[in-house]
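**Q** Any chance you could fold what I've pasted below:
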Amino acid sequence: MKKTDRQALIREIIKRHIVATQEELGQRLRQQGIQVTQATVSRDIKELLLVKIPIGEGRSRYAFPAESKEGFSRERMGRMFRDAVVDVDDSENLIVIKTLPGTANAVASTIDGAKWPEIIGTIAGDDTILAVVKPRDAVREIREKLKAMID
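**A** Okay, here's the model as predicted:
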């Protein structure tokens, strides 16, 4: 099967089912008769820009990121912060946002989608986001706006 066909099938699977892990996605592909390795599934997830989002009770699932500012929702951002963010701290012109495991990418996506001019970029790991703020004197205000969403 061609990569484009496999990735189209992955899109359909993600739309129709709750898929929490790469292994689960691989199993669903194999049920469709597609033999894939874990490395292929991982590569497809990265190429499709899938993110993990919380679904409650400490669980998460793969989903598609917001593709434009029009997809941004202040309510969604607030919900993501309340559900996934544990702490917000800063140092110099950097803000560190701690999240529940597996949710940092989805939270960072909402920050990026907000397009706040003071945040020039984010980097997300599994449970930590680094937001770069410019100018430095905006850090306190941005940190407080982010903290207010988890209170």
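
**Q** Tell me the secondary structure at the residue of the chain most remote from its centre.
**A** With Cα atoms, centre = their mean as the measure, the chain has its most outlying C-alpha, relative to the mean C-alpha position, at Gly33: 29.1 Å. Following DSSP: H, G, I helix; E, B strand; the rest coil, we place Gly33 in the coil state.

**Q** Asp5 versus that one, what's the distance?
**A** Counting by Cβ to Cβ, to the nearest Å, the gap from Gly33 to Asp5 is 12 Å. C-beta coordinates here come from the backbone N, C-alpha and C atoms, glycine included.

**Q** which residues in this protein form strands?
**A** 51-56, 59-63, 85-91, 94-99, 119-124, 128-133 (DSSP state E).

**Q** I'd like to know which of these is closest to Ala108.
**A** Of all those, the one in closest proximity to Ala108, counting by Cβ to Cβ, is strand 119-124 (3.8 Å).

**Q** And the average pLDDT for the closest one is what?
**A** When pLDDT is averaged over strand 119-124, the result is 95.

**Q** Stretch 136-144 now?
**A** Averaging pLDDT along stretch 136-144 gives 95.

**Q** For that stretch, buried residues please.
**A** Neighbour-count burial for stretch 136-144 flags Val139, Ile142, Arg143 (criterion: 16 or more other Cβ atoms under 10 Å).

**Q** Now do the contacts for the residue farthest from the centre of the chain.
**A** Going by Cβ atoms under 8 Å, 6 or more residues apart in numbering, Gly33 touches no other residue.

**Q** which phi and psi does it have?
**A** Backbone torsions of Gly33, given as degrees, to the nearest 10, read phi 90, psi 10.

**Q** how near is it to Leu50?
**A** Here the criterion is Cβ to Cβ. By it, Gly33 lies 22 Å from Leu50.

**Q** Kindly report the same for Val36.
**A** Val36 sits at a distance of 15 Å from Leu50 (criterion: Cβ to Cβ).

**Q** repeat for Ile18
**A** In this structure, Ile18 lies at 13 Å from Leu50, with Cβ to Cβ as the measure.

**Q** I figured Ile120 hits Val133, correct?
**A** Yes - in terms of Cβ atoms under 8 Å, Ile120 counts as a neighbour of Val133; the distance is 7.3 Å.
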